[in-house]
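>>> here are the coordinates; sequence isn't available:
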Ligand code: AN7
């Protein structure tokens with residue numbers, strides 16, 4: 001007879017053996033990880049790939065990949081005696097930090113660039129009860145302030161400069177190797193502060209070392225053209241892009257990103273806002289996947305490289321980092337909805353449809 005109690009879910013249960021946990025680390029969870037890997041219907045052909053798979057990190061509890069790193073960072077902060085968290089954020093890190101803080105009874109302070117965070121993400125930070133500080137300046141300025149503040153006050157910094165974040169985020173690479181039975185040939189990922197590309201590369205290297213994979217992927221990172229310091233080879237003082245999540249001019253994990261690129265034989269390229277929005281519309285319209293603009297950058301990049309003849313078959317995974325519902329303003333600005341009014345009768349709906 002079953003006792004009826006469900007098995008606990010979440011990263012700290014599922015991936016305990018590859019995470020820096022002790023017996024005293026609290027096994028907190030919001031049900032993060034174990035996200036779907038789904039095969040492309042249409043876009044893979046446009047890119048010249050044999051197979052394209054989408055890793056739906058938008059299916060994490062707060063709607064983005066950040067929950068993977070956050071659950072580890074918050075658990076370790078609690079283990080270390082923290083009572084409060086702080087982060088700088090373009091919106092997803094703050095949503096995630098605020099959610100775990102709410103669950104664990106911690107205070108959470110989030111520093112966000114004023115007027116540049118998508119509406120859904122602000123709603124999350126408010127709903128989860130965090131203290132929100134809108135700073136003048138961009139994400140890079142906010143991160144500098146958060147670093148200085150957490151050095152001075154007893155508050156745990158949960159940006160990806162915290163190595164526990166990288167440890168948690170690497171688990172997505174393990175899941176991909178497990179689902180596919182090996183690593184893919186190409187891993188396409190949007191790059192902002194560059195923690196995620198650093199974490200995936202770490203995960204794929206560990207998978208190869210532990211015989212979970214026979215190869216490692218070429219890491220293809222994509223930045224928005226107005227915020228592409230890694231492509232330019234120098235920081236961007238005034239980053240600009242419609243993909244506000246990756247509106248970052250001085251990535252903290254700079255060396256991690258260039259290391260992943262160079263060690264894997266990959267590339268870090270820029271995609272324009274128009275290219276991002278084309279991929280955004282294709283993902284929704286041809287794949288049924290509504291993502292936020294930053295997430296579409298990974299697919300925009302594959303399309304761009306593929307159309308230029310830079311892809312010759314093979315299997316790729318694109319990381320869809322965040323949910324489209326987070327940024328309703330971009331969604332409404334992209335479409336002119338065709339909506340017909342009718343009364344709720346057969347005749348009226350038939351007339352409205354021209355049947
Ligand atoms: C949807 O939330 O930096 O290169 O403060 O929200 O690891 O920074 C978000 C980044 C990609 C880039 N896709 O990842 C933040 C923040 C989405 C994102 C990225 C972000 P990193």
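Looks like it came in fine. What you see is a predicted model, and the numbers here were worked out from it, not measured in a lab.
>>> can I assume residue 61 is in contact with residue 99?
Yes: assessed by CB atoms under 8 Å, residue 61 is found in contact with residue 99 at 6.7 Å. Glycine gets a C-beta too; all of them are placed from N, C-alpha and C.
>>> Up against the ligand, what does the stretch 51-200 of the chain have?
64, 89-93, 160, 190-197 (CB under 6 Å from any ligand atom).
>>> residues touching residue 221, list them.
189-191, 194, 197, 230, 257, 260-261, 266-269, 301 (CB atoms under 8 Å, 6 or more residues apart in numbering).
>>> Distance of it relative to the ligand?
8 Å (CB to the nearest ligand atom, to the nearest Å).
>>> doesn't that residue fall inside a strand?
Yes: secondary structure of residue 221 (DSSP: H, G, I helix; E, B strand; the rest coil): part of a strand.
>>> Bridged to it, which residues?
With DSSP bridges as the criterion, residue 221 is bridged to residue 189, residue 268.
>>> so where do the helices sit in the stretch 201-350 of the chain?
All helices of the stretch 201-350 of the chain, identified by DSSP state H, counting those that start in this stretch, fall at 229-232, 254-264, 273-287, 293-307, 328-334, 346-353.
>>> Let's have those in TSV, adding distance to the ligand and mean pLDDT.
TSV is the format used below for these (distance: least, CB to the nearest ligand atom, whole Å; pLDDT from 0 to 100):
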stretch	distance to the ligand	mean pLDDT
helix 229-232	10	98
helix 254-264	8	98
helix 273-287	11	98
helix 293-307	4	98
helix 328-334	12	94
helix 346-353	37	96
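>>> which one of residue 61 and residue 99 has more residues nearby?
Set residue 61 next to residue 99 and count neighbours by other CB atoms under 10 Å: residue 99 wins out with 28 against 19.
>>> Show me what the helix or strand that one falls within is in contact with.
Taking DSSP states H and E as the definition, residue 99 sits inside helix 92-104. Helix 92-104 is contacted by residues 26, 28, 30, 61-67, 70-71, 74, 78, 85, 87, 89, 106-108, 110, 112, 117, 121, 124-125, 128-130, 132, 158-160, 245, 321-322, 326 when judged by CB under 8 Å, 6+ apart.
>>> pLDDT below threshold where in this protein?
1-3 (pLDDT under 70).
>>> all strands for it, in order.
37-39, 51-56, 84-88, 107-113, 131-135, 156-157, 186-190, 218-224, 267-271, 315-320 (DSSP state E).
>>> now the helices for the stretch 51-200 of the chain?
Ranges of helices in the stretch 51-200 of the chain, per DSSP H, counting those that start in this stretch, are 66-79, 92-104, 119-127, 139-152, 163-169, 171-180, 195-209.
>>> want to try JSON lines for those helices, with distance to residue 274 as columns?
Output for these, formatted as JSON lines (distance: least, CB to CB, whole Å):
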{"stretch": "helix 66-79", "distance to residue 274": "27"}
{"stretch": "helix 92-104", "distance to residue 274": "23"}
{"stretch": "helix 119-127", "distance to residue 274": "22"}
{"stretch": "helix 139-152", "distance to residue 274": "23"}
{"stretch": "helix 163-169", "distance to residue 274": "29"}
{"stretch": "helix 171-180", "distance to residue 274": "28"}
{"stretch": "helix 195-209", "distance to residue 274": "23"}
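>>> To residue 14, which of those helices lies closest?
Distance to residue 14, taken as CB to CB, is lowest for helix 171-180 among the helices of the stretch 51-200 of the chain, at 7.6 Å.
>>> from the middle of its chain, how far away would that closest one be?
Between the centre of helix 171-180 and the centre of its chain there are 16 Å (CA atoms, centre = their mean, to the nearest Å).
>>> Same question for stretch 178-191.
15 Å.
>>> residues of it that come out buried?
Going by neighbour count (16 or more other CB atoms under 10 Å), the buried part of stretch 178-191 is 182-191.
>>> Mean neighbour count added to the helices of the stretch 201-350 of the chain, as a markdown table?
Formatted as a markdown table, these follow (neighbours: other CB atoms under 10 Å):
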| stretch | mean neighbour count |
| --- | --- |
| helix 229-232 | 19 |
| helix 254-264 | 18 |
| helix 273-287 | 19 |
| helix 293-307 | 27 |
| helix 328-334 | 14 |
| helix 346-353 | 11 |
